[in-house]
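Enquirer: With the sequence up front, the predicted model follows.
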Amino acid sequence: MKTSDILIIGGGIAGMSAAYFLAKRGKSVTVLEREDQPGYHSTGRSAALYSETYGPKIIRKMSTASRDFFLNPPEGFTENPILTPRGVILTAAHGNEGAIGELLTEGRANGANVVALTADDIKKLIPILNTDLIACGALETDAMDIDVHALHWGFIRHFKKLGGDLVVKADVTAIAKTATGWQVTAGGETYEAQILVNASGAWADEIATKAGIKPLGIVPKRRTAVMVDLPSDVNAHGWHMVSDVGEGLYFKEDAGRLLVSPSDATPTVPHDVQPEELDIAITIDRLMTATTLKVNRPGEAWAGLRSFFADGDPVSAFDPDADGFYWLAGQGGYGIQTAPAMGEYAASLICGDGVPDRMVKLGVTEDALAATRPGLDQTA
């Protein structure tokens, strides 16, 4: 039987970032990952962008709180920079100009460098766009691509250097409350810890149920991505990412091609999700409507799971009715860009130290990430 201070279920970016910060605090930590490699599902399928204007308010705050880690990671954390320049253009259709105004106001208040754009400005930056459909937009100049693999494996390597234990092929089959904490059976082995962290992504409610804990109502949602070849006379090198502020389409250049998504969020069940033919067709149709491109044959496509609670915000908190059971789930599509702050936050709360001071200064409160709050669907 393996005994640790803390046992984490889930080796994706949420679980591994928390594991790293807990190990830094001197805690003995074991991470159980059901697949044969960590990050197989949501983490490994993310086309992540670091943006301080993307997502709900608490996400934007945690993204800002993650900025310093991304720009100044611990020595030896990665061989290459985690962030590389990209910039993102947010466009608004006619009738939705107010969304750009709100984005400019809130983004600047949060410290982001955001510039207002006219439709003509946008056309000069991204010539293929059909700007007849665009009323206005904004450019977040400091938005950057995230090297997801480097970030995830940086956490894993440093976690292991700090003495942490990552166990793969450890599908959880049973969870029991003990007099001193929790006992978990996974991969035919038994593990014990005083504190159990549920960082299992789309499977978070299933893990809670196995532990005899009331689910919180997490909903996995499918998101599709498709690669598209560009005509020989279109050079997209250096283009900013483009996203409809109404979240109907986004695309960015990737090795001379376009990575395109319809920003779909189709409710599904936890599984090894694959792209649907209809979603691929919708992606191409939206791209051809929004641009001058003609796509005869899409390239490779994939899908990932983004898991949400009813109010759209994540949970990072102890369950009020189960001593030592910590929820770390529901990051939606924002888990990568908030991982450093969310991991540090979880480690601080688990160790009983409350919200870190620098996050308090940004307006982060425990109530915002609580396991009981208005709008959170606690399923019966």
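Expert: Arrived safely, thanks for sending. These numbers come from a predicted model, not from an experiment.

Enquirer: Tell me the pLDDT of the residue nearest the centre of the chain.
Expert: Nearest residue to the geometric centre of the chain (Cα atoms, centre = their mean): residue 335, 2.1 Å. Per-residue pLDDT puts residue 335 at 92.

Enquirer: Confirm that it sits in a strand.
Expert: No. The assignment for residue 335, made by DSSP: H, G, I helix; E, B strand; the rest coil, is coil rather than a strand.

Enquirer: I'd guessed it sits against residue 15; true?
Expert: No. If you go by Cβ atoms under 8 Å, residue 335 and residue 15 don't touch, sitting 10.2 Å apart. C-beta: built from backbone N, CA, C; applies to glycine.

Enquirer: Tell me the pLDDT of residue 380.
Expert: Per-residue pLDDT puts residue 380 at 55.

Enquirer: Over to residue 92?
Expert: Note for residue 92: predicted pLDDT of 97.

Enquirer: beta partners for it?
Expert: Following DSSP bridges, residue 92 is listed with bridge partners residue 136.

Enquirer: where along this protein do the helices fall?
Expert: Per DSSP state H, the chain carries helices over the ranges 13-24, 57-71, 97-109, 119-125, 148-161, 204-210, 277-290, 339-350, 357-360.

Enquirer: Between those, which one is closest to residue 379.
Expert: The closest of the helices of the chain to residue 379 is helix 204-210. By Cβ to Cβ, the value is 7.2 Å.

Enquirer: The closest one - contacts with which helices or strands?
Expert: Counting by 3 or more Cβ pairs under 8 Å, 6 or more residues apart in numbering; DSSP states H and E, the packing neighbours recorded for helix 204-210 are strand 172-177, strand 189-198, strand 325-329.

Enquirer: Identify the residues contacting the longest one?
Expert: This points to strand 189-198. 1-10, 15, 18, 30, 32, 167, 170, 175, 178, 180-185, 204, 207-208, 211, 324-329, 346, 350 (Cβ atoms under 8 Å, 6 or more residues apart in numbering).

Enquirer: swap in the shortest one?
Expert: By Cβ under 8 Å, 6+ apart, the residues outside strand 325-329 that reach it are 10, 14-15, 18, 182, 195-201, 204, 208, 211, 213, 216, 218, 307, 309, 314-319, 342, 346, 349-350, 371.

Enquirer: separation between the closest residue to residue 91 other than its chain neighbours and residue 115?
Expert: Nearest residue to residue 91 in three dimensions, chain neighbours excluded: residue 137, at 4.3 Å (Cβ to Cβ, 6 or more residues apart in numbering). The gap separating residue 137 from residue 115 is 10 Å, by Cβ to Cβ, to the nearest Å.

Enquirer: Give me the more crowded residue out of those two.
Expert: Shown here are residue 137 and residue 115; by other Cβ atoms under 10 Å, residue 137 has more neighbours (27 against 15).

Enquirer: State the pLDDT value of the more buried one.
Expert: On the pLDDT scale, residue 137 gets 97.

Enquirer: for residue 295, same thing?
Expert: Looking at residue 295, its pLDDT stands at 96.

Enquirer: who's in contact with it?
Expert: Residues in contact with residue 295 (Cβ under 8 Å, 6+ apart) are 228, 284, 287-288.

Enquirer: separation between it and residue 237?
Expert: For residue 295, the distance to residue 237 equals 20 Å [Cβ to Cβ].

Enquirer: Kindly report the same for residue 184.
Expert: 49 Å.

Enquirer: The two: which is more packed in?
Expert: Neighbours around residue 184 and residue 237, counted as other Cβ under 10 Å, are more numerous at residue 184. The numbers are 24 against 7.
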